[in-house]
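Participant: I'd like to go over a predicted model; first the sequence, then the structure.
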Amino acid sequence: MSPRRPNRPSGPFPYLDEPEWRARFVQAGLADPRCTLDQRALERIATEVINIKALIKTQGTRSDMIGIGFKDTAVRRVQTEHGTLYELVAKQSGMAGAINQFNIRFAYDVAASTEVATPKVVTAKDTDGNHLAVLEVEFDSEEALLQHLTFVEGRLTSAERARNYDLKADLQVSGQSERATYHAVRYRVGDQVWDTTGATAGSNRTRHRHDLFGLQPAVGLLGLPQSMLGGPDGQRWRNPAAWRDRYTAQLNEHADIDPETVEVPDDPENAVEAAERRRWATLATEALQVAVTDAAYVIGYVPDATARPDFDGALASTNLRTHLRGPLDFSDTNQAMAAGRKLVDKAFVDGAITELEHGVLTGGIPAAELHDDPREAVAALVRLVNRLVFPSDTLGLRRATKVLVEPSPSQLRAKHVTTRAEIRSALLTAAVGGVDLPAAAMDTPHQRDARKGIPTTGLSVDELIAAATSPEPSDARTDARKELAQLAVPGLVNGKVLLGSYGSTGDRRAVSTKLAAARITEDGIVLFVEAIDTFAEVMQRRAGRQVTPRPGALASRLRQVADGAVVTTAPSMPADSEWFTTHWPVDNEDSDSSDGSGTASKLSLSEQWSERLKNTDGAVKKAKSALKELADHFATMTTLVGPDREMSADEREGWQDCLDDELKPLLEKAGENLRKLRYRPANTEATSGDMDDFVFGTEEPE
């Protein structure tokens, strides 16, 4: 039994904090200058938070103790483009919280839908006109709200079909490792007004936690039907304080019962009770790992004085900056597509792309219209998308940062690159029409490409092929091969050649690694050309044009390439992902090169440089460690030298000679090479030799 509530069983599922501590929580929030919630919203959050005592500052004796604010360690400051948010980091009951009906990904889907009414969303203010950290929404009726809830839950279900793991099973087995974030939402439906906490980040996790507890997603928003706990039909508890402890008591009572041991007899009178015991035992078992979770609650919002106050936008900025704003016109409910089309629209308004390019990227004009030559149409499309999503010019960088709600380019991280890669795949898919180019199978660029942009040679495809197939290694050949590989990726993916690092072929290398392995071989370049031609045919067919099949071509699949040529004698063996993996194995040096398959071309100087540069960081760390150890050793030895020490001058001189012989040549050589590395090559002709002839600065080779 619970020591504070002797009539309620103890167990792993926490009850609400005592009413007096919930009252102190409200007092603390009202007294904390960082908190801009009103009493109503604070009272609602107090039914969500577990172990309130650890969060608040108090003063006074036990009898007259009051809350005077939240502890600094419990409040996190989050800066956004729309102002400053303050989040209270706390423990949450697993059954608390609600799916966010106004998740940025879904709110504007609803706005574009003819079947679901659009709710009115406003930012709440107090009596003095200050902005509250509350999102206020209005519905014409509860039926409209329920319809909206059903709509959004369907969107969540559709989005999860693309997930490569079972989130609900993950929560049941491992619990919730990533903290969800919630914000206060005030609903107005006719004369009714009530508050809840919607998931700024974590709607899917909240939904699955409800499912594990045997609750419907509507519970967090509409309340619990009283019939679930033996009450009357047609009524529900809106406030969690009215029902959550009763529900928790049932879970704790059955927490130690193995549902498999509960036998359901054939006797109808006893079967109902036994089935109910088994149901509660099953729920307790399934929900155990999420009995308590970590959460953050947005408790404060201070608008940026230089920007229009926008609490909605500030919330969107915190959710990994992927919940994008603005009513977007797109057919598929796809977040990446929505972001891409917003970026395209902005570029068109800025005059950065033509009306034709805008029509192609929004799916209104076939991508084959970009150029009369099919190969050049592929290059034009890929370069166009890269120019928008991974721009290199200042205006393009500024546009992408603003539209995608990102930090400055220098602050971009891997998560931003991943988001942009998804946008790129969505735009390419839309431009071609009906061709699925999943982001996971595409080549995700490096962070530097998001910060500085993806470079292009500006060469035509024929010129790229000529440069890439040159027998002489050079930086120009290296650059041409890199861009040719990049242009080939859509065709490779469409031909089922490249899987992501999660692939089932046994090869878990990243796509970029696979491309790097192929592009240093002659037949890898031939495969890239084949992929470009294949995709060019796809684009022509999507444009309704007649395409004459090339000799040996297979419908929507690539032909096999070996010995620097396309194999037309084995049409039953296309260049699929498994073939690609075995043709360019993990270690090219160990592959059987007797037939030329996977044989690497001679590396250019830039490739040799890049390969040796990989070991620089490790070598520097080792050198620093060794020198530090040597310096510490010398410092210790100086204590042995002096007038009161039994060490002769001859002994010291012999030791010094030893140091000169062993260390001085090494230090001088290291210093000489380090000085050379400080300067860029002045004589570019000197880079045409091998690595030993690579001269730095103005010094001549010895």
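Facilitator: Looks like it arrived, so ask away.
Participant: and the spatially most central residue of the chain, how far from Thr206?
Facilitator: Geometric centre of the chain, nearest residue: Lys415, 4.2 Å, by C-alpha atoms, centre = their mean. Using C-beta to C-beta, to the nearest Å, Lys415 is found at 21 Å from Thr206. For glycine as for every other residue, the C-beta is placed from the backbone atoms N, C-alpha and C.
Participant: swap in Gly69?
Facilitator: 28 Å.
Participant: of these two, which one has the most company?
Facilitator: Thr206 (29 against 19; other C-beta atoms under 10 Å).
Participant: from the contact counts, what lies against the helix or strand in which that one is found?
Facilitator: Taking DSSP states H and E as the definition, Thr206 sits inside helix 203-212. Contacts defined by 3 or more C-beta pairs under 8 Å, 6 or more residues apart in numbering; DSSP states H and E place helix 203-212 against helix 142-160, helix 167-174, helix 219-222, helix 268-287.
Participant: the longest one vs helix 167-174, what angle?
Facilitator: Right, the one you point to is helix 268-287. 80 degrees (axes from the mean of the first three to the mean of the last three C-alpha atoms, to 10 degrees).
Participant: quick check: buried residues in helix 268-287?
Facilitator: Under the neighbour-count criterion of 16 or more other C-beta atoms under 10 Å, helix 268-287 has 277-278, 280-287 buried.
Participant: likewise for stretch 15-29?
Facilitator: 15-17, 21-29.
Participant: got the buried residues for stretch 540-551?
Facilitator: 540-543.
Participant: could you report the neighbour count for the residue lying closest to Ala133 once chain neighbours are set aside?
Facilitator: Spatial nearest neighbour of Ala133, chain neighbours left out: Tyr301 (4.1 Å); criterion: C-beta to C-beta, 6 or more residues apart in numbering. Tyr301: 28 surrounding residues under other C-beta under 10 Å.
Participant: thought Tyr301 was touching Leu132?
Facilitator: Yes: Tyr301 is within contact range of Leu132, at 7.2 Å (criterion: C-beta atoms under 8 Å).
Participant: what sits in contact with each of the two?
Facilitator: Here Tyr301 and Leu132 share the contacting residues Thr36, scored by C-beta atoms under 8 Å, 6 or more residues apart in numbering.
Participant: now that we're looking at the residue nearest to Ala133, what pLDDT does it have?
Facilitator: pLDDT, Tyr301: 91.
Participant: do Pro551 as well
Facilitator: 59.
Participant: over to Ser572?
Facilitator: On the pLDDT scale, Ser572 gets 59.
Participant: ok, now the one 5 residues further on?
Facilitator: Predicted confidence (pLDDT) at Ser577: the value is 76.
Participant: repeat that for Gly697.
Facilitator: 30.
Participant: and the strands in the stretch 451-600 of the chain?
Facilitator: Secondary structure of the stretch 451-600 of the chain (DSSP state E, counting those that start in this stretch): strands at 561-562, 565-566.
Participant: out of the ones you listed, which is the most enclosed?
Facilitator: Of all the strands of the stretch 451-600 of the chain, strand 561-562 has the most neighbours on average by mean count of other C-beta atoms under 10 Å, namely a mean of 22.
Participant: partners of that one, with directions?
Facilitator: strand 565-566 (antiparallel) (DSSP bridges).
Participant: identify the residues contacting the partner strand?
Facilitator: Outside strand 565-566, the residues touching it (C-beta under 8 Å, 6+ apart) are 523, 526, 530, 552, 559-560.
Participant: could those go into JSON lines alongside distance to Asp462 and neighbour count?
Facilitator: Converted to JSON lines, these look like this (distance: C-beta to C-beta, whole Å; neighbours: other C-beta atoms under 10 Å):
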{"residue": "Asp523", "distance to Asp462": "19", "neighbour count": "24"}
{"residue": "Val526", "distance to Asp462": "15", "neighbour count": "21"}
{"residue": "Glu530", "distance to Asp462": "15", "neighbour count": "24"}
{"residue": "Gly552", "distance to Asp462": "21", "neighbour count": "13"}
{"residue": "Arg559", "distance to Asp462": "20", "neighbour count": "23"}
{"residue": "Gln560", "distance to Asp462": "23", "neighbour count": "25"}
